[in-house]
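Q: Sequence plus the predicted model coming up.
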Amino acid sequence: MAEHGEGALVLFSGGQDSATCLAWALARFDKVETIAFDYGQRHAVELECRHVVRRALSALNADWAERLGEDHLVDLSSLSSISETALTRDAEIRMTEEGLPSTFVPGRNLLFFTYAAAVAYRRGLRHIVGGMCETDYSGYPDCRDDTIKVMQVALNLGMARRFVLHTPLMWIDKAETWRLAESLGGSKLVEAIREHSHSCYMGDRAHSHAWGYGCGKCPACDLRAEGWRRYRAPA
Ligand code: ZN
């Protein structure tokens, strides 16, 4: 099933979506590396969960263990100094006057893809994989399919490469994301993602729920809990 000789770089924050994307890439590409960004996010615990998830996925499948390569952590701390957002400040998570959640960090995914492409360029990786989603997303305009498509064009023109940007979750919701994980690695992969991935904006790893760890109150927890409920609901 793997695309022979092709390498991928996965934007891997350690959340449910990017963990599923990592499994998706490991099932497809011969060589898979991961990248994450430290931008002073409130849920920095997410970055610690990344290594646990990487190890858990390697332990599940010998082929995946062989394909999983280097991890890259890029310091983007300047992002929090130039943006006013509830993801990087101790501010209330709410909807702004523009109809966007106050967790929106302007330009974040555009920067992430640009840095990822620069790393992929150096590492000789043609495919870049991200967990952006238009279906039940938080309203971030840089998660939109059109944004990602023009980003691919801009990166390929600007770097004279033929990168392919993949967003396997773009048209599925959180319940279907769990089903995708199940199709990729069965109930063991679902359990590994449920246990080790982190979504909560508040960085809460103290409270355990059926759907994983989190405060159970923030929008990220709400979305994850609702997706899990629908995934587990009888058909
Ligand atoms: Zn939470």
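A: Thanks, I have it.
Q: which residues touch stretch 107-127?
A: By C-beta atoms under 8 Å, 6 or more residues apart in numbering, the residues outside stretch 107-127 that reach it are 6-9, 11, 25, 29, 31, 33, 35, 37, 39, 70, 72, 74, 76, 79, 128, 130, 132, 140, 142-143, 147-148, 151, 155, 159, 161-166. The C-beta positions use only the backbone N, C-alpha and C, and glycine is treated the same way.
Q: buried set for the helix or strand of the chain with the lowest mean pLDDT?
A: Counting by mean pLDDT, DSSP states H and E, the chain has its least confident helix or strand at helix 78-82, which shows a mean of 77. Neighbour-count burial for helix 78-82, counted by 16 or more other C-beta atoms under 10 Å, picks out 79-80.
Q: Which residue ranges of this structure form strands?
A: Assigned strands in the chain, in chain order: 3-11, 29-38, 68-75, 127-129, 164-166, 208-209, 212-213 (criterion: DSSP state E).
Q: right, and these - which one's nearest the ion?
A: The closest of the strands of the chain to the ion is strand 212-213. By C-beta to the ion, the value is 8.9 Å.
Q: Return the distance of that closest one from the chain's centre.
A: 16 Å (C-alpha atoms, centre = their mean, to the nearest Å).
Q: That strand pairs with which strands?
A: Applying DSSP bridges to the sheet, strand 212-213 is found paired with strand 208-209 (antiparallel).
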